[in-house]
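> Here is my input, please return the structure:
(chains A and B)
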2 protein chains.
Amino acid sequence: MTDGAAELAKRFLGSGPAPTVDPAALVKRYLERIAAGNIEEVAALYAEDATVEDPVGGGKVHIGRQSIAEFYRAAENTQMVTELLQIRVGGRSAAFLFAVTIGAGEDRIRIEPIETMTFNGAGEIASMKAYWSPADITEV
Amino acid sequence: MTDGAAELAKRFLGSGPAPTVDPAALVKRYLERIAAGNIEEVAALYAEDATVEDPVGGGKVHIGRQSIAEFYRAAENTQMVTELLQIRVGGRSAAFLFAVTIGAGEDRIRIEPIETMTFNGAGEIASMKAYWSPADITEV
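Sure, this is the predicted structure:
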């Protein structure tokens, strides 16, 4: 980058504290566990007092690892394939676009949500929000 | 969609209240105003008590329309071109991936952030978070 471009970039950049966790690695692990299909192992990625809103605007926020595990039971007896498409990280947070293909018997749907996550200092998911709507579901 | 696929989709869908604002239209207007380059008109899209964190993890949250207008002054005397790449909406919220090309004199950079926004009932931006880091800047 030229000095001028670097100066220009600096006008828009913050200077927060160095992050103590690696959000990109934690998101990758989350998508791997979703695909592996073990609900307890997905729930174990969340902090004891974590919150999940999925979908955002769906009218329900799941609070606590127990409630979050219940939420993931919707995925029981399905086959999930996940693919990370885009990720942006900042501090202990990440926003990412991914594709999940969900199969049950003969049926198969694909959803491409944008999710945001914050992590605590131990690398547990402190909060998750999933942005998607029926318009983002395709039958495949 | 087959009945089976629709049933499968339903297992993952919420049933929140019908939204009273159109987040997709409001995001489009926001990106248009960024490109138009009038800082006051961008700030006017925000609620009086809105918050902005840009970039997330940058160590600063701008609170209130006045402080937000100051923040956008970094964009003064630049030429901005914006392009919406992906958007997901839910309730009064949106998450979107977009590209912004920023030019100043001979220099030109491109950033592709993911942003999230919540809107109040009047359609004003109540909160904005921009996820991006130096790794997402390219010189163009």
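> A:Leu31 looks like it's in a strand, true?
No. With the criterion set as DSSP: H, G, I helix; E, B strand; the rest coil, the secondary structure at A:Leu31 is helix rather than a strand.
> which stretch of helix or strand covers the nearest residue to it once chain neighbours are set aside?
Distance criterion CB to CB, 6 or more residues apart in numbering or on different chains; nearest residue to A:Leu31, sequence neighbours excluded, is A:Thr82 at 4.2 Å. Just so you know, the C-beta spots here come from the backbone N, C-alpha and C atoms, and that holds for glycine as well. Assessed by DSSP states H and E, A:Thr82 sits inside strand A:79-90.
> Is the residue nearest to A:Leu31 bridged to anything, and to what?
Beta-bridge pairing for A:Thr82 (DSSP bridges): A:Val100.
> which residues in chain A form strands?
Using DSSP state E, the strands found in chain A span residues A:46-53, A:62-63, A:79-90, A:93-104, A:107-111, A:114-119, A:125-131, A:137-139.
> which outside residues touch the third one?
Think strand A:79-90. Strand A:79-90 is touched from outside by A:16, A:19, A:23-24, A:27-28, A:31-32, A:34-35, A:37, A:94-104, A:112, B:55-58, B:86, B:97, B:112-114, B:131-133, B:136, with contacts defined as CB atoms under 8 Å, 6 or more residues apart in numbering or on different chains.
> before we move on, what about the last one?
For strand A:137-139, the surrounding residues in contact (CB under 8 Å, 6+ apart) are A:107-111, B:1-2, B:5, B:9.
> just to revisit the earlier point, quick one: the residue nearest to A:Leu31 from A:Leu97, how far?
Using CB to CB, to the nearest Å, one obtains 12 Å as the distance from A:Thr82 to A:Leu97.
> re earlier: how about JSON lines for the strands of chain A, with mean pLDDT added?
As requested, those are exported to JSON lines (pLDDT from 0 to 100):
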{"stretch": "strand A:46-53", "mean pLDDT": "98"}
{"stretch": "strand A:62-63", "mean pLDDT": "98"}
{"stretch": "strand A:79-90", "mean pLDDT": "97"}
{"stretch": "strand A:93-104", "mean pLDDT": "97"}
{"stretch": "strand A:107-111", "mean pLDDT": "96"}
{"stretch": "strand A:114-119", "mean pLDDT": "98"}
{"stretch": "strand A:125-131", "mean pLDDT": "98"}
{"stretch": "strand A:137-139", "mean pLDDT": "94"}
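> so of the ones you listed, which one's packed in deepest?
Looking across those with neighbours counted as mean count of other CB atoms under 10 Å in any protein chain shown, the highest average goes to strand A:114-119: a mean of 24.
> This completes my enquiry, with thanks.
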